[in-house]
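> A structural model of the following input is requested.
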Amino acid sequence: MAIIFPSPVFGPVHSRRLGVSLGINLLPGDGKVCSFDCIYCECGFNKDHRPSGKLPTREEVRIALEGKLKEMQAEGTAPDVFTFAGNGEPTAHPHFPEIIEDTLALRDAYFSKAKVSVLSNSTFLSRPGVSEALNKVDNNILKLDTVDDEYIRLVDRPNNGQYAVADIIERLKAFKGNCIVQTMFMKGTYQGQDVDNTTDKYVLPWIKAVKEIAPRQVMIYTIDRETPDHDLEKATHEELDRIVALLQAEGISASASY
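Residues are numbered from 1 along each chain as shown. Just a heads-up that it's a prediction; the model follows:
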């Protein structure tokens, strides 16, 4: 059962990694829009959830967010974090930089202690204003599932045929440490091919790239909800703990969500 989030504001929900999270979905509330088509995505495959609605406008996002913040203030409920996530890639929205400006202003006005987080697959970092906006939020959580292009094409399935992991790594290095790298580890098969990226074949080159990026933190996780492909398996606690230990041995702050 795919999870399709309302738009433009949903929750608050409890996040494994972020606490009490107020979700902001910059994509239509009736389907999925993403530059990846990950075989593990809780929102399902792109082809199965084509939206008929439009993207919310900058003004619609601002009005909906302020209305929700007023409501939470009246209830005495404080969010720990505003999280840009939802039905696909938030930085795909053409007014993403301006919406970030509005959100930071509203955060400061209503819940100044709350963090602003963005969950991104890193595919629009070259778009004007996107990296600058991501540098302004508290937690820019940027995906790098592996440094193996073939694996990315099999598992993350980018829409852009020109996608190259080396380009993404260079864009991530440009944050000069002001970013959080997020990586999905899992096992199982997809269309008869092994998708286990917990082995040294994938982990060691990935750690080398992470060292070059030098993020302030690495978040690794595994499958938590139903996936559109049913031959996938969770990585074990032991496997995730091993990867965290390897990162920490390199002086990199890391945590795992099981």
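> Setting aside sequence neighbours, what's the nearest residue to Gln248?
Excluding its sequence neighbours, the residue lying closest to Gln248 (C-beta to C-beta, 6 or more residues apart in numbering) is Ala254, at 5.9 Å. No exception for glycine: its C-beta is placed from N, CA and C like everyone else's.
> Phi, psi for the one you found please.
Main-chain dihedrals, Ala254, degrees, to the nearest 10: phi -150, psi 150.
> Make sure it is actually in contact with Arg242.
No. With contact defined as C-beta atoms under 8 Å, Ala254 does not reach Arg242; the gap is 11.3 Å.
> So for the two, which sits in the more crowded spot?
Ala254 (21 against 16; other C-beta atoms under 10 Å).
> List the residues that contact Phe111.
Contacts for Phe111 (C-beta atoms under 8 Å, 6 or more residues apart in numbering) come out as Leu69, Met72, Gln73, Ala78, Pro79.
> correction: Ala109
So Ala109 contacts Leu69 (C-beta under 8 Å, 6+ apart).
> And what about it, helix, strand or coil?
helix (DSSP: H, G, I helix; E, B strand; the rest coil).
> now it: how far from Thr103?
As for Ala109, its distance to Thr103 is 11 Å (criterion: C-beta to C-beta, to the nearest Å).
> do the same with His95
His95 is 12 Å from Thr103, by C-beta to C-beta.
> and if you look at Pro51?
In terms of C-beta to C-beta, Pro51 sits 22 Å off from Thr103.
> Who has more neighbours out of these two?
Thr103 (22 against 17).
> is it true that the more buried one touches Phe82?
Yes. In this structure Thr103 lies within contact range of Phe82 using C-beta under 8 Å: 6.1 Å.
> what touches both of these two?
Between them, Thr103 and Phe82 share the contacting residues Ile24, Leu65, Val116, judged by C-beta under 8 Å, 6+ apart.
> most surrounded residue in those?
Result: Ile24 is most packed of these (other C-beta under 10 Å), 28 neighbours.
> tell me the secondary structure for the residue nearest the centre of the chain?
Centroid-nearest residue in the chain, with C-alpha atoms, centre = their mean: Leu119, separated by 2.7 Å. Per three-state DSSP, the local secondary structure of Leu119 is strand.
> cool, Leu247 as well?
Three-state assignment for Leu247 (three-state DSSP): helix.
> Number of residues surrounding it?
Using other C-beta under 10 Å: Leu247 sits among 23 other residues.
> The longest helix along the chain packs against which elements?
In the chain, assigned by DSSP state H, the helix with the most residues is helix 58-75. Applying 3 or more C-beta pairs under 8 Å, 6 or more residues apart in numbering; DSSP states H and E, one finds that helix 58-75 contacts strand 9-15, strand 19-25, helix 96-110.
> One more pass at 6 Å, please.
If contacts are counted by 3 or more C-beta pairs under 6 Å, 6 or more residues apart in numbering; DSSP states H and E, helix 58-75 sits against strand 9-15, helix 96-110.
> Now those in JSON lines, please, with extra columns for distance to Ala164.
JSON lines is the format used below for these (distance: least, C-beta to C-beta, whole Å):
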{"stretch": "strand 9-15", "distance to Ala164": "31"}
{"stretch": "helix 96-110", "distance to Ala164": "22"}
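> need the least confident one among those, by mean pLDDT.
Note on those: lowest mean pLDDT is at strand 9-15, with a mean of 88.
> What segments of the protein are strands?
Secondary structure of the chain, counting by DSSP state E: strands at 9-15, 19-25, 81-85, 115-120, 139-143, 180-184, 186-190, 193-194, 217-221, 232-234, 254-257.
> on that earlier part again, which of the residues in the longest helix of the chain are classified as buried?
Arg58, Val61, Arg62, Ala64, Leu65, Glu66, Lys68, Leu69, Met72 (16 or more other C-beta atoms under 10 Å).
> Stretch 225-242 too?
Residues Thr227, Pro228, Asp229, Leu232, Lys234, Ala235, Glu239, Leu240, Arg242 are the ones in stretch 225-242 that count as buried (16+ other C-beta under 10 Å).
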